[in-house]
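A.B. asks: Need a 3D model of the following:
(2 chains)
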Amino acid sequence: KQEVTQIPAALSVPEGENLVLNCSFTDSAIYNLQWFRQDPGKGLTSLLLIQSSQREQTSGRLNASLDKSSGRSTLYIAASQPGDSATYLCAVSSGANNLFFGTGTRLTVIP
Amino acid sequence: DVKVTQSSRYLVKRTGEKVFLECVQDMDHENMFWYRQDPGLGLRLIYFSYDVKMKEKGDIPEGYSVSREKKERFSLILESASTNQTSMYLCASSFGGVFDTQYFGPGTRLTVL
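C.D. replies: Numbering: from 1, shown residues only, chains lettered A, B, ... in the order given. Predicted coordinates:
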């Protein structure tokens, strides 16, 4: 069964810093990988979706990379802002109709 | 913009009650999903539906059932609520199943006393 790990569980950075969030998965046979953002007590918002044939996706200050063979993905956030404070979740699709989620990294950007 | 709505943000029920959680999406998506989210366990799939009246079990279907009578509406039913079903419940929809972005509702925090 696919297992998704996100390290660290929590991260605090000063405003303006660039940062990287990590996601690893055990089974490299994936269809795609998605990064989501979740604000406290709220639902998830999709940030980026990378298909298995792609190496990276970009949206504004966010850049996600995928290395399928090593079972890793990173989410790079440039010039962090206090509004970026949230929990970031990655999820991989390994077939059927199931997404496997990591437990997330809680990011705090300090003004 | 896709909108996924859930009938309640917070719900408190007693052990043994029958509980209905409703989810509605407005984008004519084929696929709808119910997850529960617990600290340290992440999101786990309970059930999904790929068409009206069609359903498939996810990872943790025990104690739950679902209903999809109309394309836009997907209901999660707790036949006899138990305290271990206290959780955050999240509904999602997508056009292309797991090949496509999933859009999530705001969640329902259910407490079973």
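A.B. asks: Okay, strands next: where are they in chain A?
C.D. replies: In order along the chain, chain A carries the following strands (DSSP state E): A:4-7, A:10-14, A:19-25, A:32-38, A:44-51, A:56-59, A:62-67, A:72-77, A:86-93, A:99-101, A:105-110.
A.B. asks: Make TSV out of those and add mean pLDDT and distance to B:Leu78.
C.D. replies: (C-beta placed from N, C-alpha, C; glycine too.) Rendered in TSV, the data for the strands of chain A read as follows (pLDDT from 0 to 100; distance: least, Cβ to Cβ, whole Å):
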stretch	mean pLDDT	distance to B:Leu78
strand A:4-7	94	27
strand A:10-14	97	32
strand A:19-25	97	31
strand A:32-38	95	23
strand A:44-51	93	22
strand A:56-59	95	37
strand A:62-67	97	36
strand A:72-77	97	34
strand A:86-93	95	25
strand A:99-101	89	22
strand A:105-110	97	29
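A.B. asks: partners of A:Ser73 in the sheet?
C.D. replies: Taking DSSP bridges as the rule, A:Ser73 bridges to A:Cys23, A:Leu66.
A.B. asks: wait, isn't it in contact with A:Asp67?
C.D. replies: Yes: if you go by Cβ atoms under 8 Å, A:Ser73 and A:Asp67 touch, sitting 7.2 Å apart.
A.B. asks: Give me the more crowded residue out of these two.
C.D. replies: Taking A:Ser73 and A:Asp67 together and counting by other Cβ atoms under 10 Å in any protein chain shown, A:Ser73 has the greater number of neighbours (27 against 13).
A.B. asks: need the contact list for the more buried one.
C.D. replies: Contacts were defined as Cβ atoms under 8 Å, 6 or more residues apart in numbering or on different chains; by that measure A:Ser73 touches A:Asn22, A:Cys23, A:Ser24, A:Phe25, A:Leu33, A:Trp35, A:Ile50, A:Ala64, A:Ser65, A:Leu66, A:Asp67, A:Cys90.
A.B. asks: Most neighbours out of those, which is it?
C.D. replies: Each of those was scored by neighbours using other Cβ under 10 Å; the highest score is A:Cys90's, at 30 neighbours.
A.B. asks: pLDDT wise, what is the residue positioned nearest the centre of chain B at?
C.D. replies: The central residue of chain B, meaning the one whose C-alpha is nearest the mean C-alpha position (Cα atoms, centre = their mean), is B:Trp34 at 2.8 Å. The confidence metric pLDDT takes the value 96 at B:Trp34.
A.B. asks: is chain A contacted by the helix or strand hosting it?
C.D. replies: For B:Trp34, the element it lies in under DSSP states H and E is strand B:31-38. Yes: using Cβ under 8 Å from any Cβ of the partner chain, we find that strand B:31-38 touches chain A at B:Asn31, B:Phe33.
A.B. asks: just checking, next helix/strand downstream of that strand?
C.D. replies: Using DSSP H and E, the helix or strand that follows strand B:31-38 in sequence is strand B:42-51.
A.B. asks: Show me what secondary structure element comes after that next one.
C.D. replies: Sequence-wise, the next helix or strand beyond strand B:42-51 is strand B:54-57, with elements assigned using DSSP H and E.
A.B. asks: So what's the model's average confidence on that next one?
C.D. replies: Strand B:54-57 comes out at a mean pLDDT of 92.
A.B. asks: Tell me which residues of it come out buried.
C.D. replies: B:Lys55 (16 or more other Cβ atoms under 10 Å in any protein chain shown).
A.B. asks: In the sheet, which residues pair with residue 92? Tell me.
C.D. replies: Chain wasn't specified; assuming chain A. In this entry, A:Val92 is beta-bridged to A:Leu33, A:Phe100, by DSSP bridges.
A.B. asks: let's do chain B instead
C.D. replies: Applying DSSP bridges to B:Ala92 gives these bridge partners: B:Phe33, B:Phe104.
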